[in-house]
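Asks: with the input below, show me the fold.
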Amino acid sequence: MGEFTMPSLGADMDEGTLVEWLVEPGAPIRRGDPVAVVETAKSTIEVECFESGTMGRPLVEPGTTVPVGTPLALIETAAGTRGKAGRARKPRKEPQGPPAPERTRPAEPAEPVRTREPVASEAPGHGHVEAGPLIRHLAEEGGVDLAALRGSGPGGRVTRADIERAAAAAPTARAPTAQAPRARVTPLARRRAAELGVDLSSVAGTGKDAAIRAEDVTRAASGHAATPSPPPRTTAAVRASRPSEDQAPAMRRAIARLMSRANRDVPHYYLSTTVDMAVPMDWLHDRNRRSPMSERLLPAALLLKAAALAAHEVPELNGFWTDDRFTAGEGVHLGMAVSLRGGGLIAPVLRGADTLELPALMSALKDLVSRARTGRLRGSEVSGATLTVTNLGDQGVETVFGVVHPPQVALVGFGRVVDRPWAVDGLLGVRPVVTVTLSADHRATDGAVGARYLTAVDRLLQNPEKL
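Replies: The predicted model follows:
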């Protein structure tokens, strides 16, 4: 059995608040599935599980704030063994010898710890039959009638193998019908729907596979003309319904702590250069003129791709300063500073940015920014950045010198593309230009390395067709 723990979603995160469970006990989960919503000082994040298995007993109730590393729930892993953060330990060797008759059948996943008594059903002509949460879920999914099934497990318990055999023997029972499939509803969403008097059948889910989340219920309730007076809401319900109002002061405090530490502990140096954008802007306008609206690019896509490719060329700026030494990052993962509507900022991660084609990068950029501002990022999307980029051009800023986000060692800043007098081959004209800045950790590199990086950004932007 594994433990799903409160994750660390940034160097400045010490604790988090469990807002909502996205799966119920007994539900099957796969590695990478979001299983909970966690609120940090900066944002509300969907947190994924790092093991496949079955959701077990919750150890923390929604609305509870706990330190990083605290177990939040138990997870029945495929190996059935227990380990930290969902990792299964190596199974213990069994003594050698002839297997007992009962062990010739392949072992099935262990039942999760139940929070309520198992449902018992009477099969016609058979004895008492028990089925745990996982078995009931599999039976419902496979269209199997438990009441008509004989269990082959100890004491007549229905096993997974029984469900699979019954489902395979009766394919017509699972034939699609005209009835629409029932939408998945998270536990907190179901509870809040009861509190607010919302009919779940009228709610459109925004979670994975159209699952209905608590915020969907809250949004639907706001559109009702009259609803019954709800009982007092839980702390988690209040936090989830107005995240920007509750989180803004906490976010400012978290940013203040991190930036104070960065300015105190990181010896910064700063460089800047001005890049002639005439060639890349002409190329961009020509490409967009020949592309459908959905595939058109913004200048930000060119700047981000150039920043990522330059980091690949100058890896000394792409990584982390930890334990008094520099460690290069495995891949170029850009943290993109995004301002939030309620105040503050967050830096979701664009993974493998140097390997993405421009249309894919543009699409990923728009998706991450949209979900960052609606509190729908996942845990893997807010940690692991190897280099941060801040672009304040759309705010009218021409030059930005940022603060390095430890343990990273550099931050790249882009300003607004503006028209300026510019000499080319001895002739003065008006050209679009952008100011590119670099803030870097002097412990990891020096100005010569930073200059190489900015020169690479300039060169890459002058060849936009190769980006």
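
Asks: what pLDDT does residue 183 get?
Replies: At residue 183, the model reports a pLDDT of 66.

Asks: no wait, residue 284
Replies: 96.

Asks: so what's it closest to, chain neighbours aside?
Replies: Distances taken as Cβ to Cβ, 6 or more residues apart in numbering put residue 297 closest to residue 284, at 6.1 Å, once the chain neighbours are dropped. Yep, even glycine has a C-beta here, placed from its N, CA and C like the rest.

Asks: burial count for the one you found?
Replies: A count of neighbours around residue 297, defined by other Cβ atoms under 10 Å, yields 20.

Asks: that one: what's it in contact with?
Replies: Shown in contact with residue 297 (Cβ atoms under 8 Å, 6 or more residues apart in numbering): 284, 287-288, 291, 358-359, 362.

Asks: for these, work out which two are farthest apart.
Replies: 284 and 359 (12.6 Å; Cβ to Cβ).

Asks: out of these two, which sits in the more crowded spot?
Replies: A side-by-side neighbour count of residue 284 and residue 359, using other Cβ under 10 Å, places residue 284 first with 19 against 14.

Asks: you'd agree the more buried one is in a helix?
Replies: Yes: membership of residue 284 in a helix is supported by DSSP: H, G, I helix; E, B strand; the rest coil.

Asks: and the gap between it and residue 306?
Replies: 12 Å (Cβ to Cβ, to the nearest Å).

Asks: run through the strands of the stretch 151-300 of the chain in chain order.
Replies: For the stretch 151-300 of the chain, the strands defined by DSSP state E, counting those that start in this stretch occupy 268-276.

Asks: low-confidence regions, it specifically.
Replies: Across the stretch 151-300 of the chain, the ranges flagged by pLDDT under 70 are 153-155, 157, 160, 170-183, 187, 208-209, 223-248.

Asks: surely residue 54 is in contact with residue 76?
Replies: Yes: judged on Cβ atoms under 8 Å, residue 54 makes contact with residue 76 at a distance of 4.1 Å.

Asks: and which of the contacts of residue 297 is nearest residue 44?
Replies: Lowest distance from residue 44 to the contacts of residue 297 (Cβ to Cβ) belongs to residue 362, with 25.5 Å.

Asks: you'd agree that closest one is up against residue 302?
Replies: No: with contact defined as Cβ under 8 Å, residue 362 does not reach residue 302; the gap is 9.6 Å.

Asks: give me the phi and psi for residue 421.
Replies: phi -60, psi 130 (degrees, to the nearest 10).

Asks: I should have written residue 466 there, sorry.
Replies: phi -100, psi 0.

Asks: any idea how far it is from residue 366?
Replies: Distance, residue 466 to residue 366, by Cβ to Cβ: 23 Å.

Asks: out of the two, which sits in the more crowded spot?
Replies: Counted by other Cβ under 10 Å, residue 466 and residue 366 do not tie: residue 366 has more neighbours, with 13 against 9.

Asks: and the more buried one, how far from residue 418?
Replies: 24 Å.

Asks: go on, residue 147?
Replies: From residue 147 across to residue 418, the span is 74 Å (Cβ to Cβ).

Asks: in the sheet, who's paired with the residue nearest to the spatial centre of the chain?
Replies: Centroid check for the chain by Cα atoms, centre = their mean gives residue 378 as the closest residue, at 1.3 Å. Residues in a beta bridge with residue 378, per DSSP bridges, are residue 46.

Asks: go ahead and confirm it touches residue 36.
Replies: No: using Cβ under 8 Å, residue 378 makes no contact with residue 36, being 10.8 Å away.

Asks: what do these two both touch?
Replies: Residues within reach of residue 378 and of residue 36 at once, by Cβ under 8 Å, 6+ apart, are 46-47.

Asks: domains of this structure?
Replies: Here the domain parsing of the chain from automatic domain parsing is 2-86, 117-174, 187-241, 267-466.

Asks: out of those, which gets the lowest mean score?
Replies: Across those, the lowest-scoring stretch is domain 117-174, with a mean of 61.

Asks: any chance you could map the helices in the stretch 1-150 of the chain?
Replies: For the stretch 1-150 of the chain, the helices defined by DSSP state H, counting those that start in this stretch occupy 133-142.

Asks: repeat that for the stretch 151-300 of the chain.
Replies: Counting by DSSP H, counting those that start in this stretch, the helices of the stretch 151-300 of the chain are 160-169, 187-196, 214-221, 235-241, 243-265, 278-289, 299-313.

Asks: residue 354 is nearest to which of these?
Replies: Using Cβ to Cβ, these put helix 299-313 closest to residue 354, at 4.0 Å.

Asks: between the closest one and helix 278-289, how many degrees?
Replies: 120 degrees (axes from the mean of the first three to the mean of the last three Cα atoms, to 10 degrees).

Asks: give the next helix or strand downstream of helix 299-313.
Replies: strand 319-322 (DSSP states H and E).

Asks: name the helices or strands packed onto that next one?
Replies: Here strand 319-322 touches strand 325-328, going by 3 or more Cβ pairs under 8 Å, 6 or more residues apart in numbering; DSSP states H and E.

Asks: what's the spacing between the strand it packs on and its chain's center?
Replies: Here strand 325-328 is found 26 Å from its chain centre; the criterion is Cα atoms, centre = their mean, to the nearest Å.

Asks: contact partners of that strand?
Replies: By Cβ under 8 Å, 6+ apart, strand 325-328 touches 315-316, 318-321, 409, 443-444.

Asks: partner strands of the very next helix or strand once past that strand, parallel or antiparallel?
Replies: Sequence-wise, the next helix or strand downstream of strand 325-328 (DSSP H and E) is strand 334-336. For strand 334-336, the paired strands and their directions (DSSP bridges) are strand 349-350 (antiparallel), strand 387-391 (parallel).
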